[in-house]
Structure formats: structure tokens, C-alpha cells
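# Sequence first, then the predicted structure, then my questions.
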2 protein chains.
Amino acid sequence: MAAKKPATLPPRPLPRVLLLGLLPVAAWFVLRPLLDPVPSLPALYTSVGFSILAFLATIYLVPALGPSFVKAGLTGGDLLKPPESQGLVCASIYIMLLMLFIPFAFSNFILNFGGTSSHPEGISVPQFPHYQLSVYLSSLLSLLIATMLGFLDDVFDIRWRHKLPIPVIASIPLLMVYYAERGNTHVVVPLPLRFLLGTLLNLGPLYYLYMSLLSTFATNSINILAGINGSEVSQALIIALSVIINDLLYLPWPVDFRVPLHLLGGKAELEFGGVWSAGMAHGSRELVERHLFSLYFMMPLVAVCTGFLYHNWYPARAFPGDTLCYVTGMAFAVVGIQAHFSKTLLLFFLPQIFNFILSCPQLFGLVPCPRHRVPRYDADTNMLYPSECELFVPGDTTKTSKRKLGALALKTLARLGLTELTVHPTTGEVQKATNLTILNVFLVRLGPMSEKRLVQVLMCTQVAGSVVAFVVRYGLAGLVYDGDRR
Amino acid sequence: MAAKKPATLPPRPLPRVLLLGLLPVAAWFVLRPLLDPVPSLPALYTSVGFSILAFLATIYLVPALGPSFVKAGLTGGDLLKPPESQGLVCASIYIMLLMLFIPFAFSNFILNFGGTSSHPEGISVPQFPHYQLSVYLSSLLSLLIATMLGFLDDVFDIRWRHKLPIPVIASIPLLMVYYAERGNTHVVVPLPLRFLLGTLLNLGPLYYLYMSLLSTFATNSINILAGINGSEVSQALIIALSVIINDLLYLPWPVDFRVPLHLLGGKAELEFGGVWSAGMAHGSRELVERHLFSLYFMMPLVAVCTGFLYHNWYPARAFPGDTLCYVTGMAFAVVGIQAHFSKTLLLFFLPQIFNFILSCPQLFGLVPCPRHRVPRYDADTNMLYPSECELFVPGDTTKTSKRKLGALALKTLARLGLTELTVHPTTGEVQKATNLTILNVFLVRLGPMSEKRLVQVLMCTQVAGSVVAFVVRYGLAGLVYDGDRR
């Protein structure tokens, strides 16, 4: 983080009406499944209630625990700065509530209370099938390991390139339980390739590799798009909201609604909702369960991210550290894997994928990569400018072939308008280039802007990415996949 | 830890023959289940192999990672001291191997490999029943939370009395899954009380309270018997070994052996071993499975404790921190609860129970409790002396009633020879007392001794406690419980 704000900002005010107003709402949602008539998805109410509690806990605990973090030296190396690593608080609240949620999702005590009234019409999921408990627990284990590794990363300050593979460790419980539960390793082959590979392809061990790569990507892609106030949390927030909207399409809503998706290039109108067909689930109870599973993880995540963003918004009073990136990334990987919509999930990561591909020349050493690539802050104008990396400094021992490849990559990117080069006036050699991140691209294309503005641009891009994702998923996917299986 | 040794001790030498010799042994044990004929408890071999790997990993990684801990400031507040909190290394290795063990215990891939040979005679457990996977995972979650909380305790240095209830948090996954799995909350009533309560008593919610108290006790009782080189690890090691010996009595050994327990006061000779009766399990496959479950957790624990003790032995090159106490304590609670032998387990904690009861006057504020109660080191003689707490210092605001109660407790304990008092020559008022810990009792009763000697005395006491525990469990328990149920 670039130090620039006055060091001792007072914490943001917390209106007491928030606590007093939201607590009863949360209590109602938690207890609603125990009231007659039992709703068709009782635990979903509890999950909403728990999410409100998670939001309240985050928004109150983050400033309250700040001084302890400062005392323990967790301030990003500078004692005058606001507390760093407070993603730990979010992660702890998140995981703790997910644990307390277990009896609501997996035991029949709701039904025991719910009494004798008639069963709701349509698809209802009063409790998860029992084997799903191990899947849920393995997900919690992965989240907890991710939290732990993120925090260790903050404490031990692991070198940037060494920590890329760390999320693989956190995916081990997922993989082990997936194996022990004899999880499905088949993928549906896209239509154009079916003449070669058939309808279903068994990836076997490759599927496990895919799952751990997904965890690694989801975690690191958020972590490398970081460094300005609110950037990590807002990305996670928007992705989680997109996943939730997608999940909602698969639930047995009591109301029907249609979306004229043929306008987007789809084959037919799509019908959502309906207690029997359960929208996109087309009557499959399994699909309803999968997306419920995803909702149970995503709703509290949105809650803690919203609560934390309140304190992390420019000028930030608290920083997330690596812990938050690890735990949110892992949460996305968990729902993508366990609820089987990893391809849809990746669509919600479009800005991150763009940023990752753009970063590749620096990640893989073709172009020098400074330790921090965040935009440069100018104290006089209070604006952010693109940060630059210096190429070909005297004494550089990079191989000539690598250099040439790097210069070629930079020139190509410059022609695409994704970087700005400083060229030697006589030799024409590239001397400097703006760092290859999406944040610098914004500054190159749109000109210098304030930190607050930059994070707003980032958020708009993320939202736009999600809109594109939905168009692709529900509009264009019909061209390469048939029907409603995934 | 009392600072006393030269600050920069070189790490203990690690003979390379250890690595070269043990690696093939570990590999054989891990792979043995895949060879024909499949043994009756195949995953037990894998567990032994994994334990050897855990031992090797601990003994090599602890000194290798020491400098990182020192660099991160984890040295117990003093930069010149050896690294503190290295229990984190042990805990990480332990939990990681337990996770990698999942496919061996819970999937049928051993059987798939094992081929076509005839089934072994007697009770065999080729794989755990599937519902046990969630129990296993919830145990891992509890262990991981304990590790995390222990490490946070080390980083944030939580006040002594505030951290007593922390292990309750770590027991939440255990309780939640116990509930979701509709775990048994009945206890067998001792014979003398049956006329009142019947044979089985349903404790209901009280059983959950009991489980979380057991976690709290197991964790804290080791944590308050700490402070000298090797004390925490050696306690955990001896308790774990005792649990293992107890577990072995319930396995289907191919050899029979008898122990003439009537000599100890039991009713009859006890027969151990036997592939059909499986020793004390008396033919119950469920009991065999429970004690296998316990072995899977205890064997790697013994391994990491042994490996760590090598570096923690006087003069210590590495300190465990709270992390190790938390994770070992939680591991004992986990096996006691999940394998249903919590009463037997508590018998192995006799020295800890004694120490806890002895500490009560200081824990509950009757007698002043200094922040550290470890024995006092005298640099001239290189010996440890009992440490003392001062009573009734001027300006003390303790209530008179409390004071009187404290003085009474101290005088009673002094008469029992458990503390030494310094009495005012004229008024007869107690001015000082040795701190109420078992370590100080040893020094009071046996005279000052070196730190190495003191930890040896502690270890002998722990072994003696376990011997008493076995006599009580298999000799005297017949007087209050009938038969082989627990």
C-alpha cells in the first residue's frame, strides 16, 4: 500500500441504529424455519439471518480489533499505518458462522420443530443429504487452511513468486474428500468436439489437477489485482454477488419470470422460477441443492465483504492483507468445484483473467517485475499515475533473447494501448514501461485519477464483466452445449 | 521461558543415516496395504508409514524454519532467544498428513488394488464406514482451529486468564457434527447409582457441555504445566503413548495374550488379542473401529512430538509456544470424544488434574498469581528453585475474606507438603509462598535440581500416572461398571 493519507484517521462512525435495527431482522430470519408453515428452503432463511449477523460482526469487530493488530505489528511494516491483515477478522467471522450453520443445513431438527403442517408444494430441501456433510466440512477445511496460509503470509511476508503455489495446499482437503466420495471426474464435451471425444469425457487425475489450479487461480488472481483502497474487497464482493444472482436462477421461486434471451443470441426464451421446475434447474433437485450449497457460502461472504468495505473504502481505516484474498479466492473455488459450475465461475473472473494475461510478461520474467506494481501516488496533485518498471538498467544480466522477447511483448502491448513506453530518443530502445496491470491500464487510457475514482472504475469494470458473463452463459453457451446439463 | 542458556546454540546435529534409513521403511508401510495378501487393518500400516514421515518432517523442518520464526519476531519477546511458536511447524505437518491420509482410511482403493486373494480371517476394517468421514473431518477442523488460535495467542499474546475459554471455540465443529450426526448423548451409569438413574442416562445438552469442557481441560491443563525445556512436549508424548497402548488392546492381533489382572483387584483374567474377539473389543467391530480412529490420530502425534522433543530437549533449540499445547490438547479431546473413551483418557491426565487442582487457589484469585509461575533459575548454581508469590504487599486491595481463605488454603497445602511458606517472625502472617504448580512441588519435596533433571522427574511422574490409570481402568473399573460396554 502506498503511504499517503494522514496516519491517524479516526475510525468511521457506526450508527447504533444499524445494530438495533438489524439484530431483530437477523433473529427473525434465523428462527423463521421453526415457524409454521415450514418454507420449502428453510435453511436459506437461516443463512440470510446468519449473513446479517456476519455483516454486523464485521462492521463492529474490525475497528474494535484494529488496535490489537497494530500492537502485534501487523501494519504492513509501518507502525503509523492503519492495521493490516484484518481480513483475518472477516475470515474468522465467516468460517465461524459457516460452522454454526451446520445443524441447520444437515440435521432434521427444523422438521422436528416445524410440526405437522402440510409439506410445501414443489421442490423443497428441508435438509441436505447426509453425504454432503463431508463435502461441506472439507470446504470449511480448505477455507480455514487458506485463512491460515494467508495470515502466515502476512506474518512471515513470503516472497511474491514463492507464494503463487500456496493455494494448492489449501485445496488438498477438497481433493481428498472428492476422491473419498468418488466424485465425478467427467466433463461434458462441447458440441463441436463430440465427434472426436464423445459426449462425456473422463478426465480422471487431470480433473484433480484442474480443481487445484482453479483454487490457485481464484486466489492469486484477486491477490495480484490489489494495492489500492478497497480493490480486493470490492472485487470479491461483485464476484460473490454475481454468483448469488446465478444461483437464484436455480431456486424454486414461487413466482415465474421469463427473460427474452433470444435477444442475446440464445435459442429460446428462458423461464426462471416455478416451484416445480425450479427455474434453470428444470426440475432437478440435485441442481437446486448444488446452488443452495453455493448460496450458503456466498451470502455470508457478501456480508463480511460489505462490512469490511465500509472500513476499507478510501481513505481506508483497515487493510485486508493477503488473508482476505486467500479466503475469498478459496470460497469461490469451493463453490465452483462443489456446486459444479466452475466454467460459469471463471466467466465472472473476466477482469482478473485479463489482468493475469496482461501480467504474464512480468510474472514470467520477460519484463522486470518490481516488488510492488501499484500505481504511483503523487502527493502534490493527490492523484495516481501509472507506475513504471525500468528496463535494461546497467549491470542487468538478463539474457538477450529474453530481453528481445520482452521488448517485443511491450511494443505489442503498447500498440494495443495497454502500456506506455519511454523510448530512448536516439537508439529507439525501450527504457521504461508502465507496469502491466489493469489498474495501470486504466490510468494510461483514462488519465491520472484519484484513488477513489480508480477503485470505482475497477468496480464498474467488474460489473460489466459479470454482465458479459451472464450473456455468454445464458445466451451463447447454447451454441456449444446442449440443454441444461453441465 | 527463563533466559539462561547462551543465546546462540547451534542446532542439534541431524545424522543423515536417519533420513536414508527411515524413508524406505516409511515407504514400505505406506505401500504395504497395496500388496497381497491385504492385511486385516490395511490403513493402520499406512498410518505407521505416515507417522514415520511426520517424524522425519518435524526433525528436519523445525531447525530449517527456525530462522524464519526469529525473523518474524516469534522469539517470546527476546530477539536473542531461540525461536518460539514452532509448535506451528509440528501442527502443520500433523494436520497435513492427517488430511493426506483420508483416501487410505475412507475409500476402497486399497481393496481395488489388493486383488483377489481371500479375505483375512477375523475382524478386518478395510475401510471406515462412510458417515465416519464427517466425524474425521470435523476433528481435523477442530485441530486446525486449535492450531490457529494457538498461533494467534502467540502473535497477539493474549492475557493468561482471558485465554482459558478459547478452546471452546475449537470444539465447535466437533459439537456441530456430533449433533448433525445424531451422536449418542447417553452415558452408562455406574453400578452403585443404577437404582436411582437406571442403566443408561441421557445427558442431552449436558453431554455437549461435557465435550467442550473436556476440550478446554485437555488444552489448558497441558498449557499451565509448561515453562521448562521439554515439559509440554514430553507430557503430550507420554499421554499419546498411553492412549496408543490402550488402543492396541482393542485390535484383532493375530496372537493372544493374557494379563493376570486379578492381581490388581480385577474380577478375572483379561484376554487380549485374537483375530475374532479382537481383545478387549470382545468381538465388537464398532469398538475396533473406534480405537483405530484413535490410533490414526495418536500415532502421527507421537511422531511429531518425538521429532520436536529432539530440538526442545534441554538446552532447547526451539520452543513450542502455545500452538503445540493447543493442538495436542485438542487431539486428545478429539479421540476421547469421537472414540468414546473420555473417562479413560482423563485417567491419563492424572498429573495434570493434580496440577490443576493445586493451581486453583491461584487461578481463582485466592492467592496472588504472578504472570509466570515457572521455577526460578539461579545462574550461579545452574539449578532451579521454587518460585514464590508475594502475599499482602502494601497497597493490595484484596478483600479480607478472600485473604483469609487464601491463607487457610496455603497453610493446608503447606501441611500436606505441597508449598513452602515464609511466615512473618512476629505476627505469624504468611508473607510468601511457593507458587502452586506441580513443578514447584517437585522442587519443594526433592530439593533444587537442574532443569534437565526436573523435566525427567515430570516425565517419570507422567509415566507413573499412566500405570495407575491402567490399573484403575482394567483392574478397579469392574467394581463400578459391568462388562465391556462404555
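Received, thanks. These figures come from a predicted structure and were not determined experimentally.
# Residue A:227: what secondary structure?
Using DSSP: H, G, I helix; E, B strand; the rest coil, the three-state assignment for residue A:227 comes out as coil.
# Just give the closest residue to it, not the sequence neighbours.
Residue nearest to residue A:227 in three dimensions, not counting chain neighbours: residue A:374, with 3.4 Å by C-beta to C-beta, 6 or more residues apart in numbering or on different chains. Just so you know, the C-beta spots here come from the backbone N, C-alpha and C atoms, and that holds for glycine as well.
# now do residue A:469
In space, residue A:469 comes closest to residue A:347 once its chain neighbours are excluded; the distance is 3.6 Å by C-beta to C-beta, 6+ apart.
# now do residue A:146
Nearest-residue entry for residue A:146: residue A:330, 3.7 Å, with adjacent residues in sequence omitted and distances by C-beta to C-beta, 6+ apart.
# What is the neighbour count of the one you found?
Neighbourhood size, residue A:330 [other C-beta atoms under 10 Å in any protein chain shown]: 28.
# and what of residue A:201?
Here the count is done by other C-beta under 10 Å, and residue A:201 has 17 residues near it.
# And it, how far from chain B?
Taking C-beta to the nearest C-beta, to the nearest Å as the measure, residue A:201 and chain B are separated by 22 Å.
# Secondary structure element holding that residue?
Remark: residue A:201 resides in strand A:200-202, with elements defined by DSSP states H and E.
# Not counting its own residues, what contacts stretch A:194-203?
Residues external to stretch A:194-203 that are found in contact with it (C-beta atoms under 8 Å, 6 or more residues apart in numbering or on different chains): A:185-189, A:210.
# quick revisit: and the strand holding residue A:201, which strands flank it?
Sheet pairing of strand A:200-202 (DSSP bridges) gives strand A:186-188 (antiparallel).
# which parts of the strand it pairs with are buried?
In terms of neighbour count (16 or more other C-beta atoms under 10 Å in any protein chain shown), strand A:186-188 has its buried residues at A:187-188.
# ok, back up a step: could the contacts of stretch A:194-203 be laid out in CSV, adding distance to residue B:406 and pLDDT?
Written out in CSV, the entries for those read as follows (distance: C-beta to C-beta, whole Å; pLDDT from 0 to 100):
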residue, distance to residue B:406, pLDDT
A:185, 66, 85
A:186, 71, 85
A:187, 71, 84
A:188, 74, 83
A:189, 78, 84
A:210, 65, 92
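# Closest one of those to chain B?
Using C-beta to the nearest C-beta, the shortest approach to chain B within the contacts of stretch A:194-203 belongs to residue A:185, at 13.7 Å.
# Where does the nearest residue to the closest one once chain neighbours are set aside sit: helix, strand or coil?
Nearest-residue entry for residue A:185: residue A:207, 3.9 Å, with adjacent residues in sequence omitted and distances by C-beta to C-beta, 6+ apart. When the structure is split into helix, strand and coil by three-state DSSP, residue A:207 lands in helix.
# quick one: residue A:207 and residue A:187 touch, right?
Yes: Residue A:207 is within contact range of residue A:187, at 7.4 Å (criterion: C-beta atoms under 8 Å).
# doesn't residue A:361 fall inside a helix?
Yes: going by three-state DSSP, the assignment for residue A:361 places it inside a helix.
# State the distance from it to residue A:409.
Shown here: residue A:361 relative to residue A:409, a distance of 5 Å by C-beta to C-beta, to the nearest Å.
# Could you tell me which residues touch both of those two?
Among the neighbours of residue A:361, those also in contact with residue A:409 (C-beta under 8 Å, 6+ apart) are residue A:367.
# Neighbour count for the two, which is higher?
Neighbours of residue A:361 and residue A:409, each counted by other C-beta under 10 Å, are more numerous for residue A:361; the result is 22 against 18.
# what about residue A:94, neighbour count?
Using other C-beta under 10 Å, the number of residues around residue A:94 comes to 27.
# Hmm, I typed the wrong one, I wanted residue A:13.
Around residue A:13 there are 7 other residues, counting by other C-beta under 10 Å.
# and if you look at residue A:255?
By the other C-beta under 10 Å criterion, the neighbourhood of residue A:255 contains 8 residues.
# Same question for residue A:34.
Taking other C-beta under 10 Å as the neighbour definition, residue A:34 ends up with a count of 16.
# what does chain A have sitting close to chain B?
Contact residues, chain A versus chain B (C-beta under 8 Å from any C-beta of the partner chain): A:68, A:71-74, A:96, A:99-100, A:102-103, A:106-107, A:130-131, A:133-134, A:137-138, A:140-141, A:144-145, A:147-148, A:151, A:155-157, A:169, A:172-173, A:176-177, A:179-182.
# Just want the residue of the stretch 251-400 of chain A that's nearest chain B.
Using C-beta to the nearest C-beta, the point where the stretch 251-400 of chain A gets nearest to chain B is residue A:323, with a distance of 11.2 Å.
# tell me what the helix or strand hosting that residue is packed against?
According to DSSP H and E, residue A:323 maps onto helix A:321-338. Here helix A:321-338 is seen to pack against helix A:87-100, helix A:132-156, helix A:166-170, helix A:172-180, helix A:205-223, helix A:231-248, helix A:285-312, helix A:342-347 when contacts are counted using 3 or more C-beta pairs under 8 Å, 6 or more residues apart in numbering or on different chains; DSSP states H and E.
# From the chain's centre, how far out is that helix? Work that out for me.
Relative to its parent chain, helix A:321-338 has a centroid offset of 6 Å by C-alpha atoms, centre = their mean, to the nearest Å.
# Just the angle for it relative to helix A:132-156, thanks.
160 degrees (axes from the mean of the first three to the mean of the last three C-alpha atoms, to 10 degrees).
# how about the CA coordinates for helix A:321-338, as CSV?
Extracted C-alpha coordinates of helix A:321-338, given in CSV (Å, rounded to 0.1, in the frame of the first residue of the first chain):
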residue,chain,number,x,y,z
GLY,A,321,-3.8,-8.2,3.9
ASP,A,322,-3.3,-11.4,2.0
THR,A,323,-5.7,-13.2,4.3
LEU,A,324,-8.8,-11.8,2.7
CYS,A,325,-7.7,-12.6,-0.8
TYR,A,326,-6.9,-16.1,0.1
VAL,A,327,-10.1,-16.8,1.9
THR,A,328,-12.4,-15.2,-0.7
GLY,A,329,-10.5,-16.8,-3.6
MET,A,330,-10.8,-20.2,-1.9
ALA,A,331,-14.5,-19.6,-1.3
PHE,A,332,-15.1,-19.1,-5.0
ALA,A,333,-13.0,-22.2,-5.8
VAL,A,334,-15.0,-24.2,-3.3
VAL,A,335,-18.4,-23.3,-4.7
GLY,A,336,-17.2,-23.6,-8.3
ILE,A,337,-15.9,-27.1,-7.6
GLN,A,338,-18.5,-28.5,-5.2
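# so that helix versus helix A:172-180, what angle?
If you take the same axes, to 10 degrees, helix A:321-338 sits at 10 degrees to helix A:172-180.
# now helix A:321-338 against helix A:87-100, angle please.
Here the directions of helix A:321-338 and helix A:87-100 differ by 30 degrees (the same axes, to 10 degrees).
# how about the spatially most central residue of chain A, what does it touch?
The geometric centre of chain A, computed from its C-alpha atoms, lies nearest to residue A:236 (C-alpha atoms, centre = their mean), at 3.9 Å. The neighbours of residue A:236, taking C-beta under 8 Å, 6+ apart as the test, are A:222, A:301, A:305, A:324-325, A:328.
# can you do 7 Å?
By C-beta atoms under 7 Å, 6 or more residues apart in numbering or on different chains, residue A:236 lies in contact with A:222, A:305, A:328.
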